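Undergrad: Predicted model, plus sequence, below.
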Amino acid sequence: MLRKRGTINKWDDEKGFGFILPDDSTKIIFVHIKSFTDRNIRPSINQKVTYTVQNNSDGKQSATNVSRSTDNPIRSRTNINKKFVKENIKKKQTTFEDTSKHNISIISLFFVGGFILFLFYFTMVAEKLPVTIIVVYLIMSMFTYFTYKLDKMKAINNGYRVPEKMLLLLSLLGGWIGALIAQEQFRHKNKKISFQVPFWLVVFGNIIWLSNKFIII
């Protein structure tokens, strides 16, 4: 089958798909992450690719067998040995470990630290908050943190994702501290505006509810 050349001009890494602009046409063509011959390298805008075109059941066309100059050669399933599988797993683990090496911003540390002082004061000093509130925030934040970590791993390995509504619900129930830390440490959801807007509404909604429920007389 004739291979074509083009450039990735749109790519949504969260959803795992994008579009290719062919060198010989102005009509973009759909491409999914599963169509790349080497998934260890994440696609990005302006990458040069070669591909073949397939006709889908809905009558539309999409790119398949997509490769880049940086990709590893295509290996048949019969030639995959245990050593290759181990190397592939190691690469994926390294990719995730690299995502967890980011520092948390001063603004986020200040915000989280301020809220912790807020809890401490109204629990230990003013005695307007029950101690169980601190326990709830601690447990929910830890659970939410590891849920974000799991979702990031799933995103890297193209696995089943945690729904965004679930992530927001965990934050609403008190896990937003863990969510905020995980977002910055793993660089996960922190630049997605469509998620950040409801996330911060949830955060301030949680704080306002806490204040109205236990503190404001």
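TA: In hand now; what should we look at?

Undergrad: element containing Arg5?
TA: Assigned by DSSP states H and E, Arg5 falls within strand 4-12.

Undergrad: residue contacts, the most centrally placed residue in the chain?
TA: A centroid search over the chain (C-alpha atoms, centre = their mean) returns His188, at 4.1 Å, as the residue closest to the centre. Residues in contact with His188 (C-beta atoms under 8 Å, 6 or more residues apart in numbering) are Thr99, Tyr148, Asp151, Lys152, Ala155, Ala182. Just so you know, the C-beta spots here come from the backbone N, C-alpha and C atoms, and that holds for glycine as well.

Undergrad: who are the neighbours of the helix or strand Phe199 falls within, in terms of helices and strands?
TA: If you go by DSSP H and E, Phe199 is part of helix 193-210. Packing partners of helix 193-210 (3 or more C-beta pairs under 8 Å, 6 or more residues apart in numbering; DSSP states H and E): helix 164-170, helix 176-185.

Undergrad: Show me this structure divided up by domain.
TA: 4-67, 97-215 (automatic domain parsing).

Undergrad: any idea how far Ala182 is from Pro22?
TA: According to C-beta to C-beta, to the nearest Å, Pro22 and Ala182 sit 39 Å apart.

Undergrad: The two: which is more packed in?
TA: Higher neighbour count among Pro22 and Ala182: Ala182, with 27 against 17, using other C-beta atoms under 10 Å.

Undergrad: contacting residues around that one?
TA: Shown in contact with Ala182 (C-beta under 8 Å, 6+ apart): Thr144, Tyr145, Tyr148, Lys149, Lys152, His188.
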